[in-house]
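# Quick one, what's the 3D model for this:
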Amino acid sequence: MWLAENPLWHIPNYLKVSAGIWIGYIPEFERYKAIYHAALTKGIKLLNTFLEHN
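Reported below is the predicted structural model:
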């Protein structure tokens, strides 16, 4: 089973929300949405929201 947290396992939790960039292939909408929310739980706000996903 795929979990959005898996690609972020090595990223620490940030105390202050920081900007982040997803580098790599762009996953389909639902997967990117899950990754976006998983990153937010670690204190990382991806520059492109899932609503801006193409």
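# CA only for contacts and neighbour counts going forward, please
OK.
# what about the residue nearest to A19 when sequence neighbours are not counted, how many neighbours?
Spatially, and ignoring its direct neighbours in sequence, A19 is nearest to K45 (4.9 Å; CA to CA, 6 or more residues apart in numbering). Using other CA atoms under 10 Å, K45 has 18 other residues around it.
# K45 falls within a strand, correct?
Yes - checked against DSSP: H, G, I helix; E, B strand; the rest coil, K45 lies within a strand.
# if I read this right, it contacts Y36, doesn't it?
Yes - proximity of K45 to Y36 meets the contact threshold set by CA atoms under 8 Å, at 7.4 Å.
# what about N6, distance to A39?
Going from N6 to A39 by CA to CA, to the nearest Å gives 11 Å.
# correction: L47
Using CA to CA, L47 is found at 11 Å from A39.
# Kindly report the same for I11.
Distance from I11 to A39, by CA to CA: 9 Å.
# quick one: low-confidence ranges for the protein?
1, 54 (pLDDT under 70).
# which stretches of it form strands?
Assigned by DSSP state E, the strands in the chain fall at 18-20, 44-46.
# Would you reformat those as CSV and include distance to P27?
Putting those into CSV (distance: least, CA to CA, whole Å) gives the following:
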stretch, distance to P27
strand 18-20, 16
strand 44-46, 14
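# Kindly compare burial across these and name the winner.
strand 44-46 (a mean of 19; mean count of other CA atoms under 10 Å).
# Sheet partners, orientation included, of that one?
When pairs are called by DSSP bridges, strand 44-46 turns out to pair with strand 18-20 (parallel).
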